[in-house]
Each structure stands twice: as structure tokens, then as C-alpha cells.
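Asks: A predicted structure for the sequence below; I have some questions about it.
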Amino acid sequence: MHSVICLFGAFIVAAVFHPGSCVQTVIGLYGETIEVPCNNGNNKPDGLIFTKWKYVKDDGSPGDLLVKQALKDEATVSATDGYKSRVSIAANSSLMITQGSLADQRVFTCMVVSLTNLDEYSVEVKVYKKPSAPVIKNKAKELENGKLTQLGECVVENANPPADLIWMKNNQPLVDDGKTIIITSTITKEPGTGLSSTSSSLQYTARKEDVESKFTCTAKHVTGPDQLSAPETFPIHYPTEKVNLQVVSQSPIREGDDVTLKCQADGNPPPTSFNFNIKGKKVTVTDKDVYTLTSVTRADSGVYKCSLLDNAAMESTQNVTVSFLDVSLTPTGKVLKKHGENLVVALDKNASAEAKVTWTKDNRKLDKQPDFSTVTYSDAGLYVCEVSIEGIKRSLSFELTVEGHPKITSLTKHRSSDSKHKVLMCEAEGSPKPEVQWNVNGTNDETSYVNGKATYKLTVVPSKNLTVSCQVTNKLGTDTREISVFSLFEEDTKKPEKNEDGAEQAKVIVGVVVGLLLAAALVGLIYWLYIKKTRQGSWKTGEKETGTSEESKKLEENNHKADV
């Protein structure tokens with residue numbers, strides 16, 4: 001059997017050649033015009049008289065449809081039944097049947113009569129109808145975990161031939177296994193049209209993971225392409241197997257915070273009421289799954305539980321830790337100390353976790369807690385202690401002021417670089433900052449005060465020798481120191497090459513040299529007396545001396561001279 005399928009406009013022609021019978025098969029579309037070919041157009045022999053179309057009635061008897069004379073333009077319709085208004089002949093002698101229906105599925109014969117021959121060509125007509133889109137009906141409201149349940153019914157209507165239906169889950173076909181998946185299909189025909197409707201019911205054993213599964217139905221038909229139903233999802237009912245207690249609060253939990261406990265169960269539908277165990281006390285909540293602790297304290301730290309109303313053994317626990325940080329610092333505020341006194345700094349802390357401590361002085365970080373065994377001026381400043389754990393930070397501070405009476409540590413002089421002035425530097429320490437007073441007039445060029453140390457600078461032009469005093473004063477006392485200053489005129493006339501500093505240095509050098517000479521003379525005298533005494537004692541005892549006779553004579557002569 002050889003077949004050829006051709007598409008002409010709104011209808012399909014399928015020619016099937018049966019060897020020996022020469023019967024073709026033509027496939028048309030329901031409701032469209034069906035074209036039945038006469039020997040595929042090779043139907044006009046020489047001496048053509050007429051072409052006639054006839055058919056086989058439902059009872060098997062022959063029936064005439066129309067005749068087309070070769071010399072006439074119009075065909076004569078001879079049909080008296082429903083074909084009377086529906087048939088015509090085309091220029092290529094094809095039979096045209098409008099409004100194709102399943103009643104047109106029969107054998108039509110084209111008879112070609114010429115002067116020399118009579119030929120007949122039989123064609124069997126089949127009518128196809130594309131089904132409606134598949135729809136899932138009678139859907140289950142929910143599926144139960146592990147239980148075989150009628151999921152739904154997939155229906156397509158008005159098809160010829162009947163459509164095939166395939167159930168899909170997540171785009172994968174479901175296969176009937178007779179146990180967990182059972183698929184039952186039925187086909188019915190409409191009495192009036194003879195079209196077929198296909199129905200397929202699915203019984204399915206769901207699992208918990210099917211809560212997200214999408215079920216569809218695919219309709220397959222010879223007219224193609226495949227049609228797909230809208231996807232359907234189903235709630236899956238299953239009992240609770242696990243309870244989970246959550247702490248719905250920002251971390252860490254601090255004293256004063258509100259803490260919400262949330263109890264969740266994996267059952268479907270989920271439970272709506274629970275028992276909360278609040279540190280040994282049972283609290284029942286209805287139609288909600290949360291319980292809130294307000295303004296918690298460190299005493300609220302502990303183990304909390306929640307469970308099902310009807311099954312206390314189905315429970316979950318959570319440990320709640322309330323963070324806290326207590327800090328005290330001694331001293332605080334403004335602290336006044338005298339220079340040289342002792343200051344004890346004590347930090348006490350109590351925390352729910354290991355606390356981190358940092359110290360700063362005047363916004364500069366310190367390596368460790370300050371130690372003031374002996375307070376100095378440089379210790380003055382603002383000290384800040386910051387203690388922290390995760391989520392909590394405390395900051396305490398004290399401001400240390402160090403006071404002391406003024407004391408001059410240095411008073412010096414030197415000539416300016418242009419040799420026209422004398423510059424005096426008076427250095428002192430004390431707090432509050434000492435005020436300076438000089439006993440001579442001059443120019444106060446520069447003053448500095450850092451960490452209790454003050455430096456005062458005075459520039460003068462002495463016309464004669466002076467004794468200059470520097471006096472420093474604060475509310476705690478006064479200190480004075482003097483220095484001699486030579487006139488610039490006297491230095492220029494007498495010792496232009498030296499200043500007074502050089503003169504004083506020369507005096508010191510002379511004194512040192514004189515002292516060294518006197519010390520050498522004293523050492524020589526002592527040595528001589530020692531030698532003399534030693535020699536005299538040796539002669540008086542009659543002890544024998546070692547040495548030559550010449551040396552003995554010399555020594556004796558010297559002794560005689562000394563006695564003279």
C-alpha cells in the first residue's frame with residue numbers, strides 16, 4: 001500500500017493506492033470543503049462525452065450525485081438527499097463537498113465516459129476533526145500523603161478519530177503501575193455528530209514533596225500538534241513529624257529587649273495552636289504560633305520549649321541567652337591631684353561574655369590601663385574607658401588635672417646671632433601655668449607651656465653689668481632665680497674675642513690647673529718625708545743595707561747634710 005498526503009488550503013487530501021482495486025483514500029477536515037480527485041486530474045481522454053460522480057449509500061445501494069457533459073459548462077446535480085446542495089465539480093473534474101462531516105466518510109466513484117472507453121475511479125473519504133483543548137475536571141481538593149486518591153479527570157471533546165490522553169507530572173509522563181498510579185480512559189461519541197470525546201481519570205499516591213508538583217494532561221491527535229492543559233497543583237495532607245522552635249529576635253538579645261518565640265510544625269495543614277514551656281511554666285496559645293517575652297532581663301536566660309497540643313512528646317527546645325554588661329570605674333568625673341601624689345584607678349566589670357576593654361587619653365589609644373603611682377604634669381588629660389561585648393558597649397571617663405607650685409629648672413643666657421642682644425631663657429614647671437616676671441626691661445619674644453613645663457624668653461640690650469632675676473608665680477607659690485649679665489660695651493672694649501660665657505669658662509680652667517699643681521706638690525712632699533723616715537730607721541738598727549759601697553756613701557753624705 002502506497003499513500004500520499006497533500007494539503008490544499010483548508011483541507012487535507014491523503015491518497016492511498018490499493019493495488020488491484022485502484023481505490024484512493026482522501027482525508028478531509030471536519031466542517032471544511034472536501035475535494036475528491038478524479039484519477040488525480042488525468043480524466044479527460046479523447047472523445048470525452050461526460051463525467052459522472054456517484055457514491056455508495058449507507059444501505060449499500062448506489063446513488064448519483066452529478067453529471068458534467070463535456071460540451072457544457074455547468075454540471076447537472078442529480079442527488080436528492082443531503083448532497084443536493086453540497087456537491088459541485090471542479091475544472092479538473094474533482095468532486096467538491098462543502099461542510100464536511102462524518103457522514104461523508106464513504107466511497108465516491110468518478111465515471112469517465114468517452115467514445116472509445118468507460119473508466120471508473122473509486123475514492124474512499126475519511127474526515128478528521130481536531131479535538132478541543134484538554135481540560136482537567138473534577139479535581140481533588142487535596143491529596144493525602146501515601147494514600148491513593150482520585151486526582152482528577154482529563155477531558156477532550158469533538159475529535160475524529162478519538163484523541164489519546166497522557167498524564168504528566170513536572171513535564172514527565174506518568175505510567176500506570178496498577179498500585180500507586182492508576183489511569184483509566186473512556187471514549188464516547190456524540191449522537192448527533194458522531195464525534196468522539198476522550199476522558200482519562202488519574203488515581204495518584206502523593207508524597208510530601210508533591211506539594212510543589214505540577215500536573216498536566218497532553219492530548220495527542222493525528223491532526224497535531226499536541227495540546228497541553230493548564231497545570232494544576234494540589235495541597236498534600238500529612239501529619240506532623242517534626243516541631244521547630246525559633247527565636248525571632250535580633251542577636252544578641254540584650255536586657256530590655258522583647259523576645260518572640262515561634263513554634264513551627266511540618267504537618268499539612270500545619271497546626272495552629274501550641275504549648276509553650278516558659279522556664280517550667282506551660283502556656284497555651286490558640287490560633288497562633290508565637291509567644292512574646294517583653295523587657296527581658298538576665299534572669300530570663302534559660303531553656304524554652306514548644307510542643308503540639310495533642311502530643312507533648314513532639315517538642316522542640318531553644319536556649320535563650322540575655323546579654324548584659326555592668327561596669328564601674330573609680331574615679332570618674334573631674335579629678336584634681338598634686339604633682340607627685342598617687343592616684344589609684346580601678347575598673348570593675350560583670351558581663352555575660354568576655355568583655356573587651358580599651359583606654360584612650362585625649363582621643364589617643366593607650367596600650368593598657370593607666371598607672372599613676374606618681375602623678376606628673378604630663379599625666380593630665382581626659383581618660384575614657386570603653387568596655388564592650390557583642391551588641392553592648394559602655395563608656396566611662398575621668399578628667400585628671402595635676403597641680404603643683406612653680407619651680408625654675410633652668411636660667412641661661414647667650415648672645416644673639418647678630419651679637420647685638422642678650423637672650424635669657426627661663427625654664428620652669430608648675431600647674432596652673434606660672435606667670436613670669438623679670439626685674440629688667442626687655443622684649444618677651446616667646447613663651448611655651450607643654451605638660452606643665454613653661455619656657456620664657458627675654459631679649460635685652462644691657463648697657464652695664466646687671467643681675468637679672470626670673471620670677472615665676474601661680475596660685476600655689478613663687479620661685480625666683482638670678483643670673484649675671486655683662487654689658488655689651490664692656491665686653492666689646494676689654495675682650496672683644498670673648499663673651500661673658502667664655503670668661504667664666506677661662507676662670508674655671510685656671511682654677512682647675514692651680515688645683516692640679518697644688519695636689520702634685522703635696523704628693524711629692526709626702527713621698528719625700530716617707531723616704532727620709534725609712535732611711536733613718538735603717539741606720540739606727542744597724543741593719544745591713546743592700547747595694548754598692550758608693551750608694552752607701554752617698555746616702556750617708558745626704559743624711560749629714562740634712563742634719564745641718
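Replies: Done, it's in.
Asks: mind checking which helix or strand of the protein has the lowest mean pLDDT?
Replies: strand 2-8 (a mean of 35; mean pLDDT, DSSP states H and E).
Asks: Please enumerate the helices of the protein.
Replies: 488-494, 500-540, 549-563 (DSSP state H).
Asks: lowest-confidence stretch among these?
Replies: The minimum mean pLDDT among the helices of the chain belongs to helix 549-563 (a mean of 42).
Asks: now the chain, which segments are flagged as low pLDDT?
Replies: 1-22, 489-514, 523, 527-564 (pLDDT under 70).
Asks: Quick check: longest strand in it by residues?
Replies: strand 392-415 (DSSP state E).
Asks: Which strands border that one, and is each parallel or antiparallel?
Replies: strand 333-338 (parallel), strand 381-389 (antiparallel), strand 422-431 (antiparallel) (DSSP bridges).
Asks: tell me which residues in the last one are buried?
Replies: Just to be clear, that refers to strand 422-431. Going by neighbour count (16 or more other CB atoms under 10 Å), the buried part of strand 422-431 is 422-424, 426-431. All C-beta atoms are positioned from the backbone trio N, CA, C, and that covers glycine.
Asks: Also the shortest one?
Replies: For strand 333-338, a neighbour-count test (16+ other CB under 10 Å) marks 335, 337 as buried.
Asks: and that strand, how far out from the chain's middle?
Replies: 48 Å (CA atoms, centre = their mean, to the nearest Å).
Asks: which residues sit against it?
Replies: Here strand 333-338 makes contact (CB atoms under 8 Å, 6 or more residues apart in numbering) with 343, 372, 375, 398-404.
Asks: Now for the residues you listed: which two are most distant?
Replies: By the measure CB to CB, Phe398 and Gly404 form the most distant pair in those, at 19.2 Å.
Asks: Please say which of those two ends up with more neighbours.
Replies: Gly404 (22 against 19; other CB atoms under 10 Å).
Asks: so that one sits right up against His339, yeah?
Replies: Yes. The pair Gly404 and His339 passes the contact test of CB atoms under 8 Å, sitting 3.2 Å apart.
Asks: Need the overlap of contacts for these two.
Replies: Shared contacts of Gly404 and His339, counting by CB under 8 Å, 6+ apart, come down to 377, 431, 452.
Asks: got CSV for those residues, with distance to Ala313 too?
Replies: Converted to CSV, the shared contacts of Gly404 and His339 look like this (distance: CB to CB, whole Å):
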residue, distance to Ala313
Tyr377, 73
Ser431, 75
Gly452, 75
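Asks: so which of these comes closest to Gln471?
Replies: Of the shared contacts of Gly404 and His339, the one sitting nearest to Gln471 (CB to CB) turns out to be Ser431, at 17.3 Å.
Asks: What distance do you get for that closest one to Ala219?
Replies: 101 Å (CB to CB, to the nearest Å).
Asks: Pro462 now?
Replies: 124 Å.
Asks: neighbour-wise, which of those two wins?
Replies: Each of Pro462 and Ala219 has its neighbours counted (other CB under 10 Å); Ala219 has more, 24 against 18.
Asks: ok now do the more buried one, which residues does it touch?
Replies: Per CB under 8 Å, 6+ apart, neighbours of Ala219: 131, 133-134, 156, 163-165, 198, 226-229.
Asks: Please flag which of these sit within strands.
Replies: 156, 164-165, 198, 227-228.
Asks: re the thing from before, kindly reformat the contacts of Ala219 as a markdown table containing neighbour count.
Replies: Shown next, in a markdown table, are the contacts of Ala219 (neighbours: other CB atoms under 10 Å):
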| residue | neighbour count |
| --- | --- |
| Pro131 | 25 |
| Ala133 | 13 |
| Pro134 | 24 |
| Val156 | 26 |
| Ala163 | 27 |
| Asp164 | 17 |
| Leu165 | 23 |
| Thr198 | 21 |
| Asp226 | 12 |
| Gln227 | 17 |
| Leu228 | 15 |
| Ser229 | 22 |
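Asks: Let me have these in a markdown table, extended by distance to Arg207.
Replies: Formatted as a markdown table, the contacts of Ala219 follow (distance: CB to CB, whole Å):
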| residue | distance to Arg207 |
| --- | --- |
| Pro131 | 32 |
| Ala133 | 29 |
| Pro134 | 25 |
| Val156 | 29 |
| Ala163 | 30 |
| Asp164 | 27 |
| Leu165 | 24 |
| Thr198 | 28 |
| Asp226 | 28 |
| Gln227 | 28 |
| Leu228 | 24 |
| Ser229 | 22 |
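Asks: which of the residues you listed lies closest to Asn441?
Replies: Nearest to Asn441 among the contacts of Ala219, with distances taken as CB to CB, is Leu228, at 112.0 Å.
Asks: Can you tell me how far that closest one is from Leu165?
Replies: Leu228 is 11 Å from Leu165, by CB to CB.
Asks: list residues touching both of those two?
Replies: What both Leu228 and Leu165 touch, as defined by CB under 8 Å, 6+ apart, is the set 134, 217-219.
Asks: just curious, which of the residues you listed is nearest to Phe324?
Replies: Cys217 (63.0 Å).
Asks: what bridges to the closest one?
Replies: Trp167.
Asks: thinking it is in contact with Ile136, fair?
Replies: Yes. Between Cys217 and Ile136 a contact is recorded at 5.7 Å, counting by CB under 8 Å.
Asks: Among these two, which residue is more densely surrounded?
Replies: Ranked by neighbour count (other CB under 10 Å), Cys217 and Ile136 place Cys217 first, with 26 against 20.
Asks: what sits against that one?
Replies: 134, 136, 154, 165-168, 200, 228-229.
Asks: can we see that at 7 Å?
Replies: Contacts for Cys217 (CB atoms under 7 Å, 6 or more residues apart in numbering) come out as 134, 136, 154, 165, 167, 200, 229.
Asks: quick one: the last one from Val156, how far?
Replies: The spacing between Ser229 and Val156, counted by CB to CB, is 9 Å.
Asks: repeat for the second one
Replies: Here the criterion is CB to CB. By it, Ile136 lies 11 Å from Val156.
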